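Peer 1: have a look at this prediction, sequence included:
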Amino acid sequence: EDQVTQSPEALRLQEGESSSLNCSYTVSGLRGLFWYRQDPGKGPEFLFTLYSAGEEKEKERLKATLTKKESFLHITAPKPEDSATYLCAVQASKAAGNKLTFGGGTRVLVKP
Amino acid sequence: GAVVSQHPSRVICKSGTSVKIECRSLDFQATTMFWYRQFPKKSLMLMATSNEGSKATYEQGVEKDKFLINHASLTLSTLTVTSAHPEDSSFYICSAMVSYNEQFFGPGTRLTVL
């Protein structure tokens, strides 16, 4: 069974204080690993897709990396508007119907 | 990016009534859509996969007769919560596949059953 574990569950940062979120996964053949951002009361917003170990992608203050067992989402010099829940999901290569398995998310609060 | 809409965004109903939620892909065609449920401060739980022109595939533990899914066109899937009860109150989110490995999510529907 595919499993995704995110840590920490919650993270409090001061504005400008860089940090990393972890997403550990167990999957029977990885087709893709996805990062989403979710604001309260809204649907997830797509951030990145990573396909193979060693791959990195960046978007503004966010950088996602991937190894064979985990992915990291690095937040560099965060601002209060980066406060959100960050969700990690995996898609197995043999996933029926191309479905995603989500982790529990990391709630990030950036204080000014 | 691809845009997915949901309607309504918020609904309050009495126990025993049925509620229909629409999920539309606005600028692309989606042969596959997904329905999720999310409890407060929890992650997304996949309920079912909706395929255009065929029956939905439900996840284990999800009642098919309780949560009726119809995917009648390439841009519209509907979720009907039949005979809703307070325990069905939740945040329901749909997503649509843009390609085999890309899903874009709708804004969600908050259902409150009194």
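Peer 2: Looks like it arrived, so ask away. Residues are numbered from 1 along each chain as shown, chains lettered A, B, ... in the order given.
Peer 1: and the residue nearest the centre of chain B, what is it in contact with?
Peer 2: Centrality entry for chain B: nearest residue to the mean C-alpha point is residue B:35, 3.7 Å, by CA atoms, centre = their mean. Contact analysis of residue B:35 by CB atoms under 8 Å, 6 or more residues apart in numbering or on different chains lists B:23, B:46-48, B:50, B:67, B:69, B:77, B:79, B:92-94. All C-beta atoms are positioned from the backbone trio N, CA, C, and that covers glycine.
Peer 1: now residue B:89
Peer 2: B:111-113.
Peer 1: what residues are up against residue A:83?
Peer 2: A:108-110.
Peer 1: what's the single longest strand in chain B?
Peer 2: If you go by DSSP state E, chain B has its longest strand at strand B:90-99.
Peer 1: would TSV of the contacts of residue B:35 with neighbour count be doable?
Peer 2: Output for the contacts of residue B:35, formatted as TSV (neighbours: other CB atoms under 10 Å in any protein chain shown):
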residue	neighbour count
B:23	28
B:46	20
B:47	23
B:48	24
B:50	28
B:67	20
B:69	24
B:77	29
B:79	25
B:92	23
B:93	26
B:94	31
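Peer 1: contact residues of chain A facing chain B?
Peer 2: Residues of chain A lying close to chain B (CB under 8 Å from any CB of the partner chain) are A:31-32, A:34, A:36, A:41-46, A:49, A:87, A:91, A:96-105, A:107.
Peer 1: just to revisit the earlier point, strands - which of the contacts of residue B:89 land there?
Peer 2: Filtering these for strands - DSSP E - leaves B:111-113.
Peer 1: which among these count as buried?
Peer 2: The neighbour-count test (16 or more other CB atoms under 10 Å in any protein chain shown) marks B:111, B:113 as buried among the ones in strands among the contacts of residue B:89.
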